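**Student:** quick one: sequence and predicted model below, then my questions.
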Amino acid sequence: MNYGLPYMGSKNFIAEWVLSKIPPRTNFYDLFCGGGAITHAALLAKKHRRFFMNDLNPFSALFFDAVSGKYHNEKRWISRETFEREKTKDPYIAFVWSFGNNGADYLYSKEIEPWKRALHYSRVFGDDSLLKEIGVPCSSSTWIKKNHDFCKEKYILWYTGNVMKTEVEVAEIRKNLSENIKKNTEYLQNYLLDGLKKSGKRPCDVDRYLGTNGMASHYSGKLQWEFPTKEVYEKLQNFLYLPVPYLEIYGLQELMQSLESLQRLQRLQRLQRLESLQSLERLQRLQRLESLQRMQRMQRLEFTNLSYKDVKILPDSVIYCDIPYRNTATYIINDGGFDYEEFYNWAQNQTELVIISEYQMPEGFTCIGQKSKRSILSATANNEVKECLFIPTKQLNLYNYLNNSLFNFD
Ligand SMILES: C[S@@+](CC[C@H](N)C(=O)[O-])C[C@H]1O[C@@H](n2cnc3c(N)ncnc32)[C@H](O)[C@@H]1O
């Protein structure tokens, strides 16, 4: 069972265990809900009537939105440009359309994007015209999987002919691709060096001109060499002797590099399977959460985007807090602003039961459960960490009392 959405530090794997330690009350608060794993498990556990999820990160609304059916009719194809423009504003785009759900990088590589677009049009809109244009006669997953090499070949031909719009003899280049790339790299390196020499400039002059620090050494040296982007190249043309237009000088190299990464697709099958559409799989995962909607109406689920201390707690509640772990490198960077002392004080002052996930807590808190778990955030040799649940020590009697109550909601 997958609880919630993939999220750094998700409690997906221990969600059922956490829920088993949370006593029944009318209201359940998940004040640091992240991807919603614990709220999801709580909705299914039926120990509470009302559910309040909260997180300071507005992107946590995605779980709530999905349960509410917001993505029921979602069909859009999100291009790389749309992704770059919208990723910081739209949680759906950031989650579904990013690589490894990292919210930062576009899901598909540049070379494979048109293929996935054609597949999206076919599967989502029922429009096979883009696949046909590529030369693929059938859109079924099984067929594409079975005819993988055929599809790949068709796609490479289509891509080089249509996207790159080049006159170059593709078949010839493909014969000795790596060698050709190497040769052309040397040619481009010399072209840039020549441009520098003929203009009587040094790399530091280029840096000064561009306002960069050491970037020029990448263009003129051989180590970590790279060709300037189109924008930089065109700027440099005003300063150095670089007579050839960008596309003319760099187009071939770009084409060869694209070809090389397309050839690699065979080896990257697991990541870039031609027949699969990861964006659609993820959307379907979101849409499946709609089945919780019935409960939402009956039992009421709410989402707030506040700091935990600003959430109003109703009487007869249990409050679960999955705070950013203290002393975990990743969170020091991401949640460096979290004030632990303030949180400990807040927890000690609550009248409703507070249950906290942490590895360690200061004096005044008691561990009520412990479970080993593997964590990529851990620095130990086998990546094993002990997940603990704590409560304020002064709530021990309350905790024992609530746990002994046989009250369960159906
Ligand atoms: C460990 S993660 C929670 C993971 C979540 N339980 C799950 O399974 O996906 C910690 C969360 O605390 C949130 N957070 C950090 N400071 C916060 C604050 N002051 N108030 C509310 N949420 C906060 C972060 O945005 C992050 O989502």
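**Tutor:** Done, it's in. These numbers were taken from a predicted model, which means no experiment stands behind them.

**Student:** tell me if I'm right that Gln224 and His218 touch.
**Tutor:** Yes: applying C-beta atoms under 8 Å as the test, Gln224 and His218 come out as touching, 5.7 Å apart. Bear in mind the C-beta positions are built from the backbone N, C-alpha and C, glycine included.

**Student:** Met256 contacts Glu172, doesn't it?
**Tutor:** No: under the criterion of C-beta under 8 Å, Met256 is not in contact with Glu172, lying 11.2 Å apart.

**Student:** flag every residue of the stretch 201-350 of the chain that's near the ligand.
**Tutor:** When proximity is defined as C-beta under 6 Å from any ligand atom, the stretch 201-350 of the chain approaches the ligand at Ser307, Tyr308, Asp322, Pro324, Asp335, Phe338.

**Student:** can you tell me which of the residues you listed are buried?
**Tutor:** Buried members of those, scored by 16 or more other C-beta atoms under 10 Å, are Tyr308, Asp322, Pro324, Asp335, Phe338.

**Student:** and the second one, what does it touch?
**Tutor:** So the one you mean is Asp322. Gly9, Lys11, Asp30, Phe32, Cys33, Gly34, Ile38, Ile356, Ser357 (C-beta atoms under 8 Å, 6 or more residues apart in numbering).

**Student:** so what's the residue of the stretch 101-250 of the chain found nearest the ligand up against?
**Tutor:** The nearest approach of the stretch 101-250 of the chain to the ligand comes at Asn101, 11.5 Å away (C-beta to the nearest ligand atom). Applying C-beta under 8 Å, 6+ apart to Asn101 gives the contacts Leu5, Pro6, Tyr7, Phe95, Arg282.

**Student:** which one among those gets closest to Arg50?
**Tutor:** Nearest to Arg50 among those: Leu5, at 21.7 Å, using C-beta to C-beta.

**Student:** between Gln224 and His218, which one's more packed in?
**Tutor:** His218 (16 against 7; other C-beta atoms under 10 Å).

**Student:** which SSE is that one in?
**Tutor:** His218 belongs to helix 216-220 when assigned by DSSP states H and E.

**Student:** pLDDT of that helix, averaged?
**Tutor:** For helix 216-220, mean pLDDT is 86.

**Student:** flag the shaky bits of the stretch 151-300 of the chain, pLDDT-wise.
**Tutor:** 163-170, 265-272, 295-299 (pLDDT under 70).

**Student:** who's in contact with the residue of it found nearest the ligand?
**Tutor:** Going by C-beta to the nearest ligand atom, the ligand is nearest to Leu289 of the stretch 151-300 of the chain, at 13.6 Å. Contact analysis of Leu289 by C-beta under 8 Å, 6+ apart lists His40, Phe63, Ala66, Val67.

**Student:** and it, how far is that from Gly69?
**Tutor:** 9 Å (C-beta to C-beta, to the nearest Å).

**Student:** helix, strand, or coil at Phe390?
**Tutor:** Following DSSP: H, G, I helix; E, B strand; the rest coil, the label given to Phe390 is strand.

**Student:** which stretches of the stretch 201-350 of the chain form strands?
**Tutor:** Remark: strands assigned in the stretch 201-350 of the chain by DSSP state E, counting those that start in this stretch are 301-304, 317-321.

**Student:** need those in TSV (columns: mean pLDDT).
**Tutor:** Shown next, in TSV, are those (pLDDT from 0 to 100):
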stretch	mean pLDDT
strand 301-304	94
strand 317-321	98
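
**Student:** and among the ones you listed, the most buried is which?
**Tutor:** strand 317-321 (a mean of 22; mean count of other C-beta atoms under 10 Å).

**Student:** show the model's pLDDT score for Leu19.
**Tutor:** 95.

**Student:** would you agree it falls within a helix?
**Tutor:** Yes: under three-state DSSP, Leu19 falls within a helix.

**Student:** just give me the neighbour total for it.
**Tutor:** Leu19, neighbours per other C-beta under 10 Å, totals 20.

**Student:** that one contacts His48, correct?
**Tutor:** No: applying C-beta under 8 Å, one finds Leu19 not in contact with His48, separated by 10.0 Å.

**Student:** so what sits against both of the two?
**Tutor:** Going by C-beta under 8 Å, 6+ apart, residues that sit against Leu19 and also against His48 are Ala42.

**Student:** for the stretch 301-410 of the chain, just list every one of the helices.
**Tutor:** 329-334, 340-348, 396-404 (DSSP state H, counting those that start in this stretch).

**Student:** show me what contacts Gly221?
**Tutor:** Per C-beta under 8 Å, 6+ apart, neighbours of Gly221: Pro203.

**Student:** over to Cys367?
**Tutor:** Met361, Cys388, Leu389, Phe390.

**Student:** quick one, longest helix in this structure?
**Tutor:** helix 177-198 (DSSP state H).

**Student:** packing partners for it?
**Tutor:** helix 216-220, helix 246-263 (3 or more C-beta pairs under 8 Å, 6 or more residues apart in numbering; DSSP states H and E).

**Student:** and the gap between Trp77 and Arg300?
**Tutor:** 35 Å.
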